[in-house]
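**Q** sequence below, structure please.
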Amino acid sequence: MVAITLIKQYIDNLVNNLHKISLNEFFVEFHKQFCPEKDISFMEYFLELCDKNEDEFDIPHTKLIEYGVMTSTRSSNVKEKLDSLGLEIEVNYRLLDVQQPVKQGGFSTKKVYKLNNKSFKICLMRAQRRPNQPVDPIIYANYYMLLEEVHKYYCMFQLAYDQKIISMKDDKIDSLSEKVDKQLVQLDKQNENINYLRKQNDFIIQQNVSLHSKVDSIFNMMVLFMQATIPTWVGGSVMQNQN
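**A** Below you'll find the predicted structure:
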């Protein structure tokens, strides 16, 4: 329980510091902090398997010899081993005829069995240590299980990291939304002021029109008055001069 708590603290620390790391980096750091006594010098290939699809048939049967599941490379022995483990062709593995060159010239056909991740794991889990066998498959089986555990924690880290990023983006979106809302309120106030000024301007224009109309009316009255009075005034002056 303490180990799980420490692992979660380690993950939380990575997430809170926005420290994005790869599976390989996570595994190396995990090994350093929580299981430094284990030998992981051979784990590179297992790490590659984590990135592969479980249904992909791309693990050659030679890996069974390399990791101690069996010692013989004969095709018939490989088939016998796969059958003894309950594996089925086209379900757990595929059989390919591979053409390869020979020293005498030409090509020879070699049978190659290709396993998927799940089938390879089954081989490791069910393998036994035989007398005089140079490679102990039990060790690799245990380390494969360790890798699966680390991969589980790495998936937890990825999920928490993505959620942290999404949360930060949501906070930024909320902040921007608040700013936009404030700006919209300010724009509404500005529009109200503009509308008020427009009304005031329209009122002033109407007053100016009315004033111009009054001025024109007064001017016309003055012209009529002058037209009516000036001839009389001029005529009166002439008569006085004649008298």
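**Q** export whichever strand or helix holds Q33 as CSV, just CAs?
**A** Using DSSP states H and E, Q33 sits within helix 23-34. Extracted C-alpha coordinates of helix 23-34, given in CSV (Å, rounded to 0.1, in the frame of the first residue of the first chain):
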residue,chain,number,x,y,z
LEU,A,23,7.1,5.4,-21.5
ASN,A,24,10.9,4.6,-21.7
GLU,A,25,11.7,7.6,-19.5
PHE,A,26,8.9,6.7,-17.1
PHE,A,27,10.1,3.1,-16.8
VAL,A,28,13.7,4.1,-16.2
GLU,A,29,12.7,6.5,-13.5
PHE,A,30,10.2,4.0,-12.0
HIS,A,31,13.0,1.4,-11.8
LYS,A,32,15.4,3.9,-10.2
GLN,A,33,12.9,4.9,-7.5
PHE,A,34,10.9,1.7,-6.7
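**Q** C-terminal to it, what's the next element?
**A** helix 43-50.
**Q** between that next one and helix 23-34, how big is the angle?
**A** Counting by axes from the mean of the first three to the mean of the last three C-alpha atoms, to 10 degrees, helix 43-50 lies at 130 degrees to helix 23-34.
**Q** in its sheet, what does the next helix or strand after helix 43-50 sit against?
**A** Sequence order places strand 59-60 as the next helix or strand after helix 43-50, per DSSP H and E. If you go by DSSP bridges, strand 59-60 pairs up with strand 107-115 (antiparallel).
**Q** helices or strands up against the helix or strand following the partner strand?
**A** Per DSSP H and E, the first helix or strand lying C-terminal to strand 107-115 is helix 117-126. Helix 117-126 sits against strand 59-60, helix 137-242, with contacts defined as 3 or more C-beta pairs under 8 Å, 6 or more residues apart in numbering; DSSP states H and E. In short, each C-beta sits where N, CA and C put it, glycine included.
**Q** do you know which of these lies nearest V102?
**A** strand 59-60 (19.6 Å; C-beta to C-beta).
**Q** centre of the chain to the following helix or strand past that closest one, how far?
**A** Once the chain leaves strand 59-60, the next helix or strand it forms, by DSSP H and E, is helix 62-66. Relative to its chain's centre, helix 62-66 lies at 38 Å (C-alpha atoms, centre = their mean, to the nearest Å).
**Q** let's test this: mean pLDDT of helix 62-66, rounded?
**A** The pLDDT scores in helix 62-66 average 88.
**Q** what of stretch 98-113?
**A** Per-region confidence: stretch 98-113 scores 81 on mean pLDDT.
**Q** in terms of pLDDT, where does Q133 sit?
**A** Note for Q133: predicted pLDDT of 71.
**Q** same check, this time on Q242
**A** 56.
**Q** offset the numbering so it begins at 183, please.
**A** Renumbered: residue one is now 183, and that last one reads Q424.
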